[in-house]
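Enquirer: Coordinates for the following, if possible.
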Amino acid sequence: MPVVSRVGGRLPLHATGVGKVLLAWAPEDVQREVFASLTPLTRHTIVQPGLLREQLARVRSEGYAQTVEEMTLGACSVAVPVRCRPDGAVVAALGVVVADLRRGRSRLVSALQVTAAGIGRSWAANGLSLSESPG
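Expert: Down below sits the predicted model:
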């Protein structure tokens, strides 16, 4: 599977698991900007604003996002929010890219949620703000 991400790189929010998590909790003005420029990257990329809004509502209710070949053919992703503030605000997202989610999705989501909770606790315990990173 080709690697399309790179350190410090950017990928479209609407086509990645991490992006969908961040978009699900993004302010309305950010969502409007993204919805105004939904471009297809593969034949599976969600480019219909109504369908994307439904997916983001599901991300908020289920606590994770997934993609199936939306960014790259042959690649699926799952991602969860990272929270470290007392108000529960989402400050980051953690995800993985795999070839197939059909059998291992729940196990991956559980592992990511445990890891994201640990990251959030660590950031909170160290008093990190949104503008700081742990390293």
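
Enquirer: what residues does stretch 100-116 touch?
Expert: 63-64, 66, 68, 76, 78-83, 94-96, 98 (Cβ atoms under 8 Å, 6 or more residues apart in numbering). The C-beta positions use only the backbone N, C-alpha and C, and glycine is treated the same way.

Enquirer: measure the residue most central in space within the chain to S5 for me?
Expert: Centroid-nearest residue in the chain, with Cα atoms, centre = their mean: V18, separated by 1.9 Å. With the distance defined as Cβ to Cβ, to the nearest Å, V18 ends up 9 Å from S5.

Enquirer: Next, V82: secondary structure please.
Expert: strand (DSSP: H, G, I helix; E, B strand; the rest coil).

Enquirer: Look at it and report its pLDDT.
Expert: On pLDDT, V82 comes in at 97.

Enquirer: how close does the closest residue to it other than its chain neighbours sit to G50?
Expert: Distance criterion Cβ to Cβ, 6 or more residues apart in numbering; nearest residue to V82, sequence neighbours excluded, is A92 at 4.0 Å. Look at A92 and G50: by Cβ to Cβ, they are 27 Å apart.

Enquirer: Compare those two and say which is more crowded by neighbours.
Expert: Neighbours per residue (other Cβ atoms under 10 Å) separate A92 from G50, with A92 holding more: 18 against 9.

Enquirer: Please list all residues in contact with that one.
Expert: A92 makes contact with L22, P81, V82, I119, according to Cβ under 8 Å, 6+ apart.

Enquirer: Can you tell me the element it falls in?
Expert: strand 90-98 (DSSP states H and E).

Enquirer: So for the one helix or strand R53 maps to, mean pLDDT?
Expert: Using DSSP H and E, R53 falls within helix 49-62. Regarding helix 49-62, the rounded mean pLDDT is 97.
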